[in-house]
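Peer 1: following is a predicted model, sequence given first.
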Amino acid sequence: MATVTLQLRDLAQDGDAVGLYEGRAVLVPLGIPGETVRVELLQGRKGQARARLVEVTRPAPERVAPPCPYFGRCGGCHWQHIAYDAQLRFKRELVASRLQRIGRQPKPLVLPTIGMEDPWSYRNHVQFALDKAGRFGYQALRSHDIVPVEECAVTHPLLDELWGALDVEPGAWQRVSLRAGIATGEQMVILEGHDAQAPEMEADIPVSCLYQFPDGEILVMAGNSFYHERLLGRTYRISGPSFFQVNTLQAERLLSIVISYLDLQPHETLLDAYGGVGAFALSLAPHAARVIGIEESPWAHADALANRTDADRVEFIQGRVEDVLPTLGGPCDAVVLDPPRSGCATRALEALARCQPGRIVYVSCDPATLARDVAQLAALGYALVEVQPVDMFPQTYHVESVALLHRQ
């Protein structure tokens, strides 16, 4: 493959730096906009190619030495080579550019990204795979290979403790997830396998351990099928298969932004779509007359019901948002959306618009699908007011955003 010199100009959706060569966009992992680099061109498709960074001949002022010995091979982090204040700036620019290009928003108001005072040791949930020698590791950068690791710079100390205390029998299992309630100290291990029999496991500390069979069924090997976490003073039950934000401190900040954007009044009805274990619905219930939460996952729905200990004005419904919304039969005053990375189905957005909420708060972990859905909501009569990025995933290109839209 040819080795060429490039001027890096921009960032792609997946966090790679972008340069131009013979009219084609070249994606360069581990590069930074503004740098001059030498790269080895790899196979690409029409109009675009990937490259391997060979040498940085003129580094950007934002370039720093990554502290992790696995960085550059491990795919868990993408931006340890970028100074943290620059990471926050780049994330804001990524959100704004996607809203412009995909969302057709000429001048979106995107506020400065809310970062962390200490952007390390924050993750409350990690997933390891096994390499051929049976060692724990992460998927390699831009590859399906496994990079074995003995330490991780972004995992919370509770997960480091759990990692060191595990003694798992080698066998027909493929992945292991470690989860912890940072505010409660509770810890959980989830083994995923392709064997009909659960493996042997020992731990030197109290921990809940689950085994997930190939058909998705869960066996509780020790402890409970759930653990607990606290956000803004409220405790939530979280089952092993249920989604919960990986960064507890930033999740609290995100929740505070949602509460502020919605500005609920005591007579209003709130719809919480893709509600998960009920964090938004239950935190917002004291501010509204009625809250309706919709969640497809049976595990998360059961958690939400268990978490509804003192909120009789909250109703939780299990099902897909696009299926449940048309059955509600009435308008609502406000909506909070927190869909998966793939965003909202078109049918869900259309059904949402028929509920005629005056304002929508959209929580997104993907700027591209947020922008796509903002464009669809604009066609349905909703104008984007502003977007607040929150750095839920320091040292990576991923960014959480909270968007406020008003009905025109």
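Peer 2: Arrived safely, thanks for sending. Keep in mind that this is a model prediction, so the values were computed, not measured.
Peer 1: below-threshold pLDDT in this protein: ranges please.
Peer 2: Residues of the chain meeting the criterion pLDDT under 70: 1, 168-173.
Peer 1: the longest strand in it is where?
Peer 2: strand 48-58 (DSSP state E).
Peer 1: packing partners for whatever helix or strand comes next after that one?
Peer 2: Sequence-wise, the next helix or strand downstream of strand 48-58 (DSSP states H and E) is helix 84-101. The helices and strands touching helix 84-101, judged by 3 or more CB pairs under 8 Å, 6 or more residues apart in numbering; DSSP states H and E, are strand 3-11, helix 367-379, strand 382-390. Any C-beta I mention is one placed from the backbone N, CA and C, and that applies to glycine too.
Peer 1: now the angle from the second one to strand 382-390?
Peer 2: When you say that, I think you mean helix 367-379. 160 degrees (axes from the mean of the first three to the mean of the last three CA atoms, to 10 degrees).
Peer 1: ok, now the first one?
Peer 2: Strand 3-11 runs at 120 degrees relative to strand 382-390, counting by the same axes, to 10 degrees.
Peer 1: the longest strand of the chain to strand 3-11, inter-axis angle?
Peer 2: 100 degrees.
Peer 1: with respect to residue 224, which of the helices and strands packed on helix 84-101 lies nearest?
Peer 2: Among the helices and strands packed on helix 84-101, the nearest to residue 224 by CB to CB is strand 382-390 (30.1 Å).
Peer 1: wait, isn't residue 375 in contact with residue 101?
Peer 2: No. Look at residue 375 against residue 101 with CB atoms under 8 Å: they stay out of range, at 10.4 Å.
Peer 1: which one of those two is surrounded by more residues?
Peer 2: residue 375 (16 against 12; other CB atoms under 10 Å).
Peer 1: ok, that one - contacts?
Peer 2: 102-105 (CB atoms under 8 Å, 6 or more residues apart in numbering).
Peer 1: let's see it at 7 Å
Peer 2: 102-104 (CB atoms under 7 Å, 6 or more residues apart in numbering).
Peer 1: now residue 183
Peer 2: So residue 183 contacts 229-230, 248 (CB under 7 Å, 6+ apart).
Peer 1: how about residue 112?
Peer 2: residue 92.
Peer 1: one more time with 6 Å, if that's ok
Peer 2: Taking CB atoms under 6 Å, 6 or more residues apart in numbering, we find residue 112 in contact with no residue.
Peer 1: isn't there a helix covering it?
Peer 2: No. Per DSSP: H, G, I helix; E, B strand; the rest coil, residue 112 lies outside any helix segment and is coil.
Peer 1: coming back round to it: what subset of the contacts of residue 183 is buried?
Peer 2: Among these, those classed as buried by 16 or more other CB atoms under 10 Å are 229, 248.
Peer 1: okay then, goodbye and thanks.
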